[in-house]
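> Prediction below, plus the sequence it came from.
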Amino acid sequence: MNTHMHADHVTGTGKLKSLLPGTKSVIGQASGAQADIHLVDGDLVKFGDYELLATATPGHTNGCLTYICHDQGIAFTGDTLLIRGCGRTDFQEGSSEGLYNSVHQKIFTLPDHYTLYPAHDYRGQTATTVGEEKKYNPRLTKSLEEFINIMDTLNLPYPKMIDKAIPANKVCGLYEVKND
């Protein structure tokens, strides 16, 4: 199950499918990516005794999904919400206002005790909670206007490989990477 279509998230899907016959690729319909299963906001993915609620959280990309398991009090936020941060909005399909609204309307409305598992953390942490992020996230505790200004002035380096990864018809997990 992919939270969104960026090369660092979907490139393993093809390999997993080759190693585990019967594996299905899953991604949000709004991503535009090809996959075995396309989800939209509100879809439920059931497995065993559990179910995940697919919740549209666009902003990092149009097709970002957060997967919520209410029975366990957990959510997988992808790059929409990171620990004390959030995904970039300066990539293709990025929207600072969209990301801010997604977090505040879809993630920060979950109970404070819910554990959040982001796709990345660059300091070795693996989880946070809704309450912690509502209190301590240095970007998302600000007003919308302040958040947009923060995101517009991050001055992050342009990703070295972003122009080298070419979606092969946006097939989930199948990317061609040009080597120099």
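Perfect, thanks for sending it.
> now the strands for the protein?
26-28, 37-39, 44-47, 50-56, 65-69, 74-78, 115-118, 128-129, 165-167, 175-177 (DSSP state E).
> Would you point out which residue is most central in this structure?
Nearest to the geometric centre of the chain sits residue 78, at 2.8 Å (CA atoms, centre = their mean).
> what about stretch 117-131, how long is it end to end?
Start-to-end span of stretch 117-131 (CA to CA, to the nearest Å) is 13 Å.
> tell me which residues in it are buried?
Under the neighbour-count criterion of 16 or more other CB atoms under 10 Å, stretch 117-131 has 117, 118, 119, 128, 129, 130 buried. Glycine gets a C-beta too; all of them are placed from N, C-alpha and C.
> would JSON lines of those residues with distance to residue 96 be doable?
Listed next are the buried residues of stretch 117-131 as JSON lines, based on distance: CB to CB, whole Å:
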{"residue": "117", "distance to residue 96": "23"}
{"residue": "118", "distance to residue 96": "18"}
{"residue": "119", "distance to residue 96": "19"}
{"residue": "128", "distance to residue 96": "21"}
{"residue": "129", "distance to residue 96": "24"}
{"residue": "130", "distance to residue 96": "21"}
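> just curious, which of the residues you listed is nearest to residue 103?
For these, the residue nearest residue 103 by CB to CB is residue 130; the value is 10.1 Å.
> From residue 90, how far out is that closest one?
Remark: distance between residue 130 and residue 90 (CB to CB, to the nearest Å) = 26 Å.
> ok, and the closest non-adjacent residue to residue 25?
residue 35 (4.2 Å; CB to CB, 6 or more residues apart in numbering).
> pretty sure that neighbour is touching residue 26, no?
Yes. The pair residue 35 / residue 26 is scored as a contact, 6.0 Å apart, by CB atoms under 8 Å.
> Quickly list what's touching both of the two.
Residues touching both residue 35 and residue 26 (CB atoms under 8 Å, 6 or more residues apart in numbering) are residue 2.
> what's the pLDDT at the residue nearest to residue 137 when sequence neighbours are not counted?
Computed as CB to CB, 6+ apart, the closest residue to residue 137 that is not its neighbour in sequence is residue 84, at 5.5 Å. As predicted, residue 84 sits at a pLDDT of 96.
> cool, and the one 5 residues further on?
Confidence per residue is given as pLDDT, and for residue 89 that number is 93.
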